[in-house]
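Enquirer: sequence unknown, structure follows:
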Ligand SMILES: Nc1nc2c(ncn2[C@@H]2O[C@H](COP(=O)(O)OP(=O)(O)OP(=O)(O)O)[C@@H](O)[C@H]2O)c(=O)[nH]1
Ligand SMILES: [Mg+2]
């Protein structure tokens, strides 16, 4: 996401992507049009929003009582990021979810076991990421709702099966199917420029899980994977049955998403360090207030701050840029 799209714009875009009916979509698009920073870098995106508004205004209203579309993609976002588990059949996506969360997806030693999404929370330090187990990415199992879910993802965990001699072909096939649905999986440091940003295409930062590492004892298949994908993705050899190899992935995920945690306190009381507000860096005092409540940001006069390299309790204004670990005490107008 381009850095200069503001939190209110992003929130409106999120509402657009999550909308399941046209009036809500139209309302969100109008809001996005009002909120989008107006400069050359967003001209293409502005034109796209305008075109979508025009199209929706022309579209006939849905007939009341018509069949309701399935909305399997509609999983409310929780925690510090929503991360779908993506990959060919039988590579251990459900087993991974089972190993790192409290969820109980069906795991079986044959392909096409998973048919509907299952969410689970993966804890890391004092934050949690929401993982979503999906049906495999294959022609016979790919459904429309998966596209919208993947469009909204904060990152992707892509799976390869180290027990299979076909792992490279299987991965290539899955990536080609995603590409057909205008989803490209990219390097974690890849940033989409303003000019390339479009509501109809996405590029997602991706972490490649080389699963079933226990079944590749000599590391030969891992070597093939590294040769083909090592410059494109960071690769994590993992044994999902034993839950081994996950720590490096979790730490890199937090860093790569460029997240930071700030804590709030009320006067005379310490902050609750178990309950951070998680923000995308760079983030300001106003962004933190906005995350608590939209109105809160508008009513904010100033904040007091505690943190590394800061004088305890010094006053800061709304545009002050926060660091991971800062503690804030909000004062309203
Ligand atoms: N040895 C070993 N087996 C694994 C590992 N991860 C998964 N498995 C096994 O691989 C098989 C497939 O696992 P699933 O988690 O159902 O695979 P999936 O990717 O969810 O499959 P679909 O739902 O069909 O897409 C099961 O028999 C698992 O027990 C692993 O790390 N090591
Ligand atoms: Mg599965």
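Expert: Looks like it arrived, so ask away. All values reported here derive from a predicted model rather than from experimental measurement. Ligands and ions are numbered 1, 2, ... in the order given.
Enquirer: quick one: residues contacting residue 131.
Expert: Residues in contact with residue 131, defined by CB atoms under 8 Å, 6 or more residues apart in numbering, are 83-85, 96-97, 100-101, 103, 119-122, 157. C-beta coordinates here come from the backbone N, C-alpha and C atoms, glycine included.
Enquirer: now swap in residue 325 and tell me
Expert: Contacts of residue 325 (CB under 8 Å, 6+ apart): 260-263, 307-308.
Enquirer: out of those residues, who's nearest residue 232?
Expert: residue 260 (26.8 Å; CB to CB).
Enquirer: interface residues of the stretch 101-250 of the chain facing ligand 2?
Expert: Residues of the stretch 101-250 of the chain lying near ligand 2 by CB under 5 Å from the ion: 113-114.
Enquirer: ranges for the helices of this structure?
Expert: Under the criterion DSSP state H, the chain contains helices at 7-18, 22-35, 43-58, 93-100, 144-151, 167-180, 220-229, 246-256, 285-292, 294-299.
Enquirer: which members of the contacts of residue 131 are positioned in strands?
Expert: When DSSP state E is applied, the contacts of residue 131 are split such that 83-85, 119-122, 157 fall in strands.
Enquirer: mind putting these in JSON lines, neighbour count and pLDDT included?
Expert: Output for the ones in strands among the contacts of residue 131, formatted as JSON lines (neighbours: other CB atoms under 10 Å; pLDDT from 0 to 100):
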{"residue": "83", "neighbour count": "22", "pLDDT": "96"}
{"residue": "84", "neighbour count": "25", "pLDDT": "98"}
{"residue": "85", "neighbour count": "24", "pLDDT": "98"}
{"residue": "119", "neighbour count": "19", "pLDDT": "97"}
{"residue": "120", "neighbour count": "20", "pLDDT": "98"}
{"residue": "121", "neighbour count": "16", "pLDDT": "98"}
{"residue": "122", "neighbour count": "25", "pLDDT": "97"}
{"residue": "157", "neighbour count": "27", "pLDDT": "98"}
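Enquirer: my guess is residue 78 contacts residue 127. True?
Expert: No - using CB atoms under 8 Å, residue 78 is not in contact with residue 127; the gap is 11.1 Å.
Enquirer: okay, the nearest residue to residue 242 once chain neighbours are set aside and residue 237: tell me how far apart.
Expert: Among residues not flanking residue 242 along the chain, residue 214 sits closest, at 7.0 Å (CB to CB, 6 or more residues apart in numbering). Applying CB to CB, to the nearest Å, the value for residue 214 to residue 237 is 9 Å.
Enquirer: sorry, back to before: so which of the contacts of residue 131 comes closest to residue 16?
Expert: residue 84 (19.1 Å).
Enquirer: and the residue nearest the centre of the protein?
Expert: Centroid-nearest residue in the chain: residue 154, 1.3 Å away (criterion: CA atoms, centre = their mean).
Enquirer: interface residues of the stretch 151-300 of the chain facing ligand 1?
Expert: Contact residues, the stretch 151-300 of the chain versus ligand 1 (CB under 6 Å from any ligand atom): 211-212, 214-215, 239-241.
Enquirer: can I get those residues in TSV with neighbour count and pLDDT?
Expert: Converted to TSV, these look like this (neighbours: other CB under 10 Å; pLDDT from 0 to 100):
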residue	neighbour count	pLDDT
211	28	98
212	24	98
214	16	98
215	14	98
239	21	98
240	25	98
241	17	96
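Enquirer: list the contacts for the spatially closest residue to residue 94 that is not a sequence neighbour?
Expert: With CB to CB, 6+ apart as the criterion, residue 94 has its nearest non-adjacent residue at 4.1 Å, and that residue is residue 105. Residues near residue 105 by CB under 8 Å, 6+ apart: 94, 97-98, 114, 118, 120, 133.
Enquirer: and residue 231, by the same measure?
Expert: So residue 231 contacts nothing (CB under 8 Å, 6+ apart).
Enquirer: and it, how far is that from ligand 2?
Expert: The spacing between residue 231 and ligand 2, counted by CB to the ion, to the nearest Å, is 29 Å.
Enquirer: that older thread, among the helices of the chain, which is nearest residue 200?
Expert: helix 43-58 (7.4 Å).
Enquirer: what helices or strands is the closest one leaning on?
Expert: If you count contacts as 3 or more CB pairs under 8 Å, 6 or more residues apart in numbering; DSSP states H and E, helix 43-58 packs onto helix 22-35.
Enquirer: which residues are contacting the helix it packs on?
Expert: 6, 8-9, 12-13, 15-16, 19, 46, 49-50, 52-53, 56-57, 59, 61-62.
Enquirer: list the buried ones in it?
Expert: Across helix 22-35, burial judged by 16 or more other CB atoms under 10 Å covers 25-26, 28-29, 31-33, 35.
Enquirer: what's the model's confidence in that helix, averaged?
Expert: Across helix 22-35, pLDDT averages out at 94.
Enquirer: low-confidence ranges in the chain?
Expert: Along the chain, the parts satisfying pLDDT under 70 run over 1-3, 61-70, 187-196.
Enquirer: what residue of it is the furthest out?
Expert: The chain, farthest from centre, CA atoms, centre = their mean: residue 268 at 36.0 Å.
Enquirer: wait, what's in contact with that one?
Expert: Residue 268 neighbours (CB under 8 Å, 6+ apart): none.
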